[in-house]
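J.: Build me a structure from this.
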Amino acid sequence: MSTILFPTIELPRIVTPISPGRIRASVSTGVLAMCCVFAAMPAQAAKRGAATPAVADFRGLSGSFPASCSTPLDVALSGMGEPALRRCAWSQHLELLYWQSVPDVPNSCLPTPAIAWHRLGATAGATLPPWNGSWAGQSLFAQNSALHHAGAVWRQPDGQWSAALWRWRPSSRLATREWQAGHWNTILQGVRSAGTVGVPVADRAGPANAAASAPTWQSPLMSAWLEASRGKPRMVEPDAWRWVADRACLSMRSAGIGQSQLHLPYSRDDARLEQRSAMQVQLVRRYPAAEWLQPFTLIEPAAPGARSGAKFLALWKEGKTVHGQLWITMRDEGGILRARISSDVPVNAAAGGAGAETVKQRAALIERELTALAHAWEAHHE
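T.: The predicted structure follows:
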């Protein structure tokens, strides 16, 4: 058999000389590029870690890959700022919103977590317990119009406040709904873990609905205040209860139950004008620098003509603060319960002139709040 020979072509060797300086420059460039790559890796890892806390681990909690949301962001949550993460799944039946750093509210008398807590409750249609100033975190669970909500507000180690909200609309198909419910339970566990950081066990919201979780420190007066301030941003502290009404900051303190120097009857039918006049004289002597906006007055009952316990109020201004006090007479000579609402007004209003209208409006607001508190007391304790 003959051998097939292929023609060969001999190519000349081409050598390109490289100077030592170019070699050193090439090596330095390569080393610098590798250093940049390795230096960027920890920063990228830290960024990924900060962006996905356990409560916002969409894939891990939902069991599905995240997708974009087809609907615009809920208007009720616009005050929370742009979420750092928003993902949907389950054919748009599941939504996650995560705020890595909840923005502060300018000119607000309530702290950032109290406002965020209120907004999460408002979008869920739930009346939540007031934010507690001692909490480092809290979770909420509610259902509104077949839409389930699970949210949490918590403080990060650096002092920033974060929030997360999961929402689930169950499928109309039984098999799909049961599969979703299993993963929803996993989501609830994750939300509960995020919202119970530093929260006493007795004050944690229950697994079904935070709106039904009453604070363990609730008193008869607080139960009336919770009813009167329903739907408003609010919080409790050891020495005061604070809330926002008509964009005004209000603070209430209670002196507890005590005795009055002047006898005040329990029944409204036994209240006399001369008693109220004598009480006003005592108040003027006690607060000689006060400007009286409403003298000591008997409050009308919630239902006109109803037979109820006597309750009184008075309004005055001292310096830049408008005060309103409520007196609730107790049955069977049980003494008198006092509650005072205070609110600061702008300096120009405190000085008089055109700002006097602001003082008048603030006094009217405090009178409405005290009247609502008195009527809530009637409903709960009379």
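J.: What separation do you get for residue 331 and residue 310?
T.: From residue 331 across to residue 310, the span is 11 Å (Cβ to Cβ, to the nearest Å). The way it works is simple: take the backbone N, C-alpha and C, and place the C-beta from them, glycine included.
J.: what about the residue nearest to residue 81 when sequence neighbours are not counted, how many neighbours?
T.: Leaving out its chain neighbours, the residue that sits closest to residue 81 by Cβ to Cβ, 6 or more residues apart in numbering is residue 103, at 4.5 Å. Around residue 103 there are 14 other residues, counting by other Cβ atoms under 10 Å.
J.: list the contacts for residue 103?
T.: 80-81, 112 (Cβ atoms under 8 Å, 6 or more residues apart in numbering).
J.: Show me these that map onto strands.
T.: Among the contacts of residue 103, no member falls in strands (criterion: DSSP state E).
J.: among those residues, who's most crowded?
T.: Tallying neighbours with other Cβ under 10 Å puts residue 80 at the head of the contacts of residue 103, with 20 neighbours.
J.: Correct me if wrong: that residue contacts residue 116.
T.: Yes. The pair residue 80 and residue 116 passes the contact test of Cβ atoms under 8 Å, sitting 6.4 Å apart.
J.: Report the secondary structure state of residue 241.
T.: With DSSP: H, G, I helix; E, B strand; the rest coil as the basis, the three-state label of residue 241 is strand.
J.: for the nearest residue to it once chain neighbours are set aside, what are its contacts?
T.: Nearest residue to residue 241, sequence neighbours excluded (Cβ to Cβ, 6+ apart): residue 252, at 4.8 Å. Shown in contact with residue 252 (Cβ under 8 Å, 6+ apart): 225, 240-242, 339-342.
J.: Mind giving me the PyMOL command for buried ones among those residues?
T.: Filtering those down to the buried ones (16 or more other Cβ atoms under 10 Å) takes a single PyMOL command:
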select buried, resi 225+241+242+339+340+341+342
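J.: if we can go back for a sec, more neighbours, residue 331 and residue 310?
T.: Neighbour count, other Cβ under 10 Å: between residue 331 and residue 310, residue 310 has more, with 20 against 10.
J.: for the chain, which spans come out with low pLDDT?
T.: Flagging of the chain using pLDDT under 70 yields the residue ranges 1-51, 197-218, 256-262, 347-354.
J.: For the residue nearest to residue 241, what are phi and psi?
T.: Per-residue torsions, residue 252: phi -120, psi 140 (degrees, to the nearest 10).
J.: Name whatever forms a beta bridge with it.
T.: residue 241, residue 341 (DSSP bridges).
J.: That one and residue 222: what is the separation?
T.: Here the criterion is Cβ to Cβ. By it, residue 252 lies 10 Å from residue 222.
J.: Next: residue 275.
T.: Per Cβ to Cβ, residue 275 is found 29 Å from residue 222.
J.: what's across from residue 98 in the sheet?
T.: For residue 98, the beta-bridge partners are residue 85, residue 164 (DSSP bridges).
J.: what's near enough to touch residue 286?
T.: Neighbour list for residue 286: empty [criterion: Cβ under 8 Å, 6+ apart].
J.: scratch that, residue 313
T.: Counting by Cβ under 8 Å, 6+ apart, residue 313 touches 294, 296-297, 299, 324-327, 367, 370-371, 374.
J.: Please repeat the previous calculation with a cut-off of 10 Å.
T.: Residues in contact with residue 313 (Cβ atoms under 10 Å, 6 or more residues apart in numbering) are 294-299, 324-328, 339, 341, 366-367, 370-371, 373-374.
J.: Pull up the pairing partners for the helix or strand that contains it, direction included.
T.: Using DSSP states H and E, residue 313 maps to strand 311-318. Applying DSSP bridges, strand 311-318 is found paired with strand 291-298 (antiparallel), strand 321-329 (antiparallel).
J.: Only alpha carbons, please: show it as CSV.
T.: Coordinates of each C-alpha in strand 311-318 appear next as CSV, following Å, rounded to 0.1, in the frame of the first residue of the first chain:
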residue,chain,number,x,y,z
LYS,A,311,-67.3,63.7,84.3
PHE,A,312,-65.8,67.1,84.1
LEU,A,313,-63.1,68.8,82.1
ALA,A,314,-61.1,72.1,82.0
LEU,A,315,-58.7,73.6,79.5
TRP,A,316,-55.9,76.1,80.0
LYS,A,317,-52.6,77.3,78.6
GLU,A,318,-49.3,77.8,80.4
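J.: got the domain boundaries for the protein?
T.: Following automatic domain parsing, the chain resolves into domains at 54-212, 220-381.
J.: Pull out the buried residues from stretch 242-251.
T.: Neighbour-count burial for stretch 242-251 flags 242-245, 248-251 (criterion: 16+ other Cβ under 10 Å).
J.: wait, which of the contacts of residue 252 is closest to residue 152?
T.: The shortest approach to residue 152 among the contacts of residue 252 belongs to residue 242, at 22.1 Å (Cβ to Cβ).
J.: Please determine how far the residue nearest to residue 81 is located from residue 265.
T.: From residue 103 across to residue 265, the span is 52 Å (Cβ to Cβ).
J.: Also residue 196?
T.: 48 Å.
J.: Ok, residue 150 next?
T.: Taking Cβ to Cβ, one finds residue 150 at 51 Å from residue 265.
J.: which of the two has more neighbours?
T.: Comparing residue 150 with residue 265 by other Cβ under 10 Å, the one with more neighbours is residue 150, at 29 against 13.
J.: C-alpha coordinates for whichever helix or strand that one is part of, PDB please?
T.: Per DSSP H and E, residue 150 falls inside strand 147-155. Taking C-alpha atoms only, strand 147-155 is exported to PDB below (Å, rounded to 0.1, in the frame of the first residue of the first chain):
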ATOM      1  CA  LEU A 147     -55.700  39.000  52.300                       C
ATOM      2  CA  HIS A 148     -53.400  37.700  55.000                       C
ATOM      3  CA  HIS A 149     -50.700  40.000  56.400                       C
ATOM      4  CA  ALA A 150     -47.600  39.100  58.400                       C
ATOM      5  CA  GLY A 151     -45.200  42.000  59.200                       C
ATOM      6  CA  ALA A 152     -42.500  43.000  61.600                       C
ATOM      7  CA  VAL A 153     -40.600  46.000  62.800                       C
ATOM      8  CA  TRP A 154     -37.200  45.600  64.500                       C
ATOM      9  CA  ARG A 155     -34.000  47.400  65.400                       C
END
